[in-house]
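Novice: give me a model of this one.
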Amino acid sequence: MSLINFPPVAAHTPRELPSALPRAPQTIEDTGLSATFLVELVAKTMFQLGLTRLTEMSAQLGLAGSVVESVCQFMRREALIEVARRGQHEADIQFDLTQAGRARAADWLARSSYVGAAPVPLDVYTERVKAQSVDGLAITAQQVRHAFADLVLPEALLDLLGTAVNSGRPMLLYGAPGSGKTYLAEHLSRLVAGTIAIPHSIIVHGEVIRVFDAQCHRAVAPEAMPRAALDNRARPDARWMLCERPCVVSGGELTLEMLDLSFDSRAGYYEAPPHFKANNGLFIVDDLGRQVITPRELMNRWVVPMERRHDHLMLRSGAKFTVPFDMVLVFSSNLLPEQLDDAAFLRRLGHKIAIEPLSPGHYARVFENACRAEGIAHDPAAFDELLRLYQKPQGRELLACYPRDLLHLIASRARYLGIEATLSAPLIDWAWQAYFGKEAPIGSGPETGSRP
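Specialist: You can find the predicted model right below:
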């Protein structure tokens with residue numbers, strides 16, 4: 001599972017950003033959490049922090065000061081905490097665990113070491129995912145062309161990709177290795193754009209499941225957000241993070257076990273699976289057919305989620321629950337659709353899009369762009385020689401990866417030799433042999449070029 005580079009997005013004003021987050025709960029009942037759970041969470045937090053102010057506790061738990069104060073009042077009555085220091089103001093009061101409170105907190109930490117933002121109930125999370133569903137995205141042809149303006153793509157392919165994202169159905173991108181399938185799949189995040197709310201964690205049957213993952217979610221950090229304060233009733237719910245819609249990629253490492261909850265026995269809480277973290281965003285299964293699991297096994301696991309847009313997960317206790325399966329699901333494969341050997345699986349893929357070799361005109365533009373990226377002066381005559389002496393005699397198709405890879409080798413070789421990176425015949429010949437591992441059709445002498 002990995003995080004890809006997100007495209008730049010338009011800046012948001014501080015006034016716009018909090019509106020995407022739920023309003024902060026002001027009472028224990030509003031949090032959807034039991035008083036018992038909150039007492040445990042506060043005690044565990046104080047066990048780690050030591051002397052603690054209400055404002056510090058509020059920031060640590062992502063809860064309004066009024067909620068934390070109510071919990072602390074209960075804990076004082078139960079002799080679990082006590083006032084350790086008083087200041088000039090109510091907010092300066094520092095609390096500490098009593099001996100009995102410290103013993104209870106140690107027991108609770110041994111059972112679950114989760115400390116941090118209070119979790120969100122499953123039903124609240126489900127409603128939020130529905131409210132910010134990818135089904136609400138309406139992609140137009142103009143948006144698609146604007147999003148991919150810097151890429152060299154046929155018009156017909158742009159229309160297929162835009163329509164596939166709009167449909168909300170899973171899609172399969174297939175073609176030869178190096179044709180650019182993964183590259184295109186990841187760039188679909190330009191269409192699946194916008195900000196959404198993602199909780200730090202959720203709670204199901206008393207068990208905590210961590211959802212926010214810095215490897216999968218890119219948090220939006222506005223310059224000015226409402227500050228946490230004891231009397232601030234207008235602030236957003238800090239249990240949620242405002243993020244760009246996620247783009248999660250799983251490749252050949254994907255296993256069936258990864259698609260279930262992962263329980264950390266030492267920490268005492270769960271980690272959400274990758275497709276759970278991809279909700280409201282983009283999930284890419286790269287190199288389909290090359291995983292440890294077969295496409296048929298993956299289909300059997302996801303047949304219900306793909307059809308009904310929800311998934312069933314199970315806790316270690318055996319309790320099952322339902323979570324949304326709301327994402328643009330993209331499969332990328334070097335295999336032809338018929339080679340996947342599963343008609344039921346193929347039927348559930350709404351779009352099967354072939355990523356074919358480039359036309360000579362598009363290949364020339366990709367080569368020129370790659371020259372610019374590597375800082376190599378483009379030479380049309382040298383490019384024509386590359387096609388005539390190398391690509392055509394060896395029957396190499398015009399795949400999108402070749403210009404970038406060959407030019408990177410040329411630039412690397414030139415830096416090693418201390419010469420200028422150019423499209424000279426010796427450098428092209430060396431790069432071709434290094435890349436394909438075969439003798440090039442022309443001989444080469446020592447690399448030449450102007451020394452700096």
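Novice: now do the helices in the stretch 1-150 of the chain.
Specialist: 28-31, 35-49, 54-61, 65-77, 99-111, 122-131, 141-147 (DSSP state H, counting those that start in this stretch).
Novice: a markdown table for these, including mean pLDDT and distance to Trp432?
Specialist: To be clear about C-beta, it is placed using only N, CA and C from the backbone, and glycine gets the same treatment. Output for the helices of the stretch 1-150 of the chain, formatted as a markdown table (pLDDT from 0 to 100; distance: least, CB to CB, whole Å):
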| stretch | mean pLDDT | distance to Trp432 |
| --- | --- | --- |
| helix 28-31 | 96 | 63 |
| helix 35-49 | 95 | 59 |
| helix 54-61 | 92 | 58 |
| helix 65-77 | 94 | 66 |
| helix 99-111 | 95 | 61 |
| helix 122-131 | 96 | 50 |
| helix 141-147 | 92 | 34 |
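Novice: got TSV for those helices, with mean neighbour count and distance to Gly375 too?
Specialist: Below are the helices of the stretch 1-150 of the chain laid out as TSV (neighbours: other CB atoms under 10 Å; distance: least, CB to CB, whole Å):
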stretch	mean neighbour count	distance to Gly375
helix 28-31	18	55
helix 35-49	19	51
helix 54-61	20	47
helix 65-77	19	55
helix 99-111	15	55
helix 122-131	18	45
helix 141-147	15	26
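Novice: so for Val303, which of the ones you listed sits nearest?
Specialist: helix 122-131 (20.5 Å; CB to CB).
Novice: may I have that closest one exported as CSV, CA atoms only?
Specialist: This file holds the C-alpha atoms of helix 122-131, laid out as CSV (Å, rounded to 0.1, in the frame of the first residue of the first chain):
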residue,chain,number,x,y,z
LEU,A,122,-19.6,3.7,13.2
ASP,A,123,-23.0,5.0,12.3
VAL,A,124,-21.7,8.6,12.3
TYR,A,125,-18.8,7.6,10.0
THR,A,126,-21.2,5.8,7.7
GLU,A,127,-23.4,8.8,7.3
ARG,A,128,-20.4,11.0,6.6
VAL,A,129,-19.1,8.7,3.9
LYS,A,130,-22.5,8.7,2.2
ALA,A,131,-22.6,12.5,2.4
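Novice: nearest the geometric middle of this protein, what residue?
Specialist: Nearest to the mean C-alpha position of the chain, by CA atoms, centre = their mean, lies Cys216 at 3.1 Å.
Novice: so it, which state does it fall into?
Specialist: Assigned with DSSP: H, G, I helix; E, B strand; the rest coil, Cys216 falls in the coil class.
Novice: related to what we said a few turns ago, for the helices of the stretch 1-150 of the chain, which one sits closest to Arg309?
Specialist: It's helix 122-131; of the helices of the stretch 1-150 of the chain, that one is closest to Arg309 (CB to CB) at 9.6 Å.
Novice: what's the closest one packed up against?
Specialist: Judged by 3 or more CB pairs under 8 Å, 6 or more residues apart in numbering; DSSP states H and E, helix 122-131 is in contact with strand 195-199, strand 201-204, strand 320-324.
Novice: following the shortest one, which helix or strand comes up?
Specialist: Note on strand 201-204: by DSSP states H and E, the next helix or strand toward the C-terminus is strand 207-210.
Novice: residues contacting the nearest residue to Leu191 once chain neighbours are set aside?
Specialist: Leaving aside its sequence neighbours, Leu191 sits nearest to Val165 (CB to CB, 6 or more residues apart in numbering; 5.0 Å). By CB atoms under 8 Å, 6 or more residues apart in numbering, Val165 lies in contact with Leu137, Ile139, Met171, Leu188, Leu191, Val192, Val328.
Novice: among those residues, who's most crowded?
Specialist: Ranked by the number of neighbours (other CB atoms under 10 Å), these place Val328 first, at 28 neighbours.
Novice: quick check, that one in contact with Phe283.
Specialist: Yes. With contact defined as CB atoms under 8 Å, Val328 reaches Phe283; the gap is 7.3 Å.
Novice: where in the stretch 101-250 of the chain is pLDDT low?
Specialist: Applying pLDDT under 70 to the stretch 101-250 of the chain flags residues 222-234.
Novice: just checking, next helix/strand downstream of the longest strand anywhere in the chain?
Specialist: In the chain, assigned by DSSP state E, the strand with the most residues is strand 327-333. Following strand 327-333 in sequence order, the next helix or strand is helix 343-347 (DSSP H and E).
Novice: can you redo the helices and strands packed on helix 122-131 as CSV with distance to Pro403 and mean neighbour count?
Specialist: CSV is the format used below for those (distance: least, CB to CB, whole Å; neighbours: other CB atoms under 10 Å):
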stretch, distance to Pro403, mean neighbour count
strand 195-199, 35, 23
strand 201-204, 45, 22
strand 320-324, 41, 17
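Novice: who wins for proximity to Leu389 among those?
Specialist: Nearest to Leu389, of those and by CB to CB, is strand 195-199 at 50.7 Å.
Novice: rewinding a little: for the contacts of Val165, work out which two are farthest apart.
Specialist: Leu137 and Met171 (14.3 Å).
Novice: of all the helices and strands packed on helix 122-131, which one is nearest Gln99?
Specialist: Evaluated over the helices and strands packed on helix 122-131, closeness to Gln99 peaks at strand 201-204, with 29.0 Å, by CB to CB.
Novice: just checking: what are the partner strands of the closest one?
Specialist: Each strand paired with strand 201-204, and its direction, by DSSP bridges: strand 120-121 (parallel), strand 207-210 (antiparallel).
Novice: out of the helices and strands packed on helix 122-131, which comes closest to Gly178?
Specialist: strand 195-199 (33.5 Å).
Novice: quick one: residues in contact with that closest one.
Specialist: For strand 195-199, using CB under 8 Å, 6+ apart, the contacting residues are 9, 12, 17, 20-22, 117, 119-120, 125, 128, 132, 211-212, 217, 220, 239-246, 280-281.
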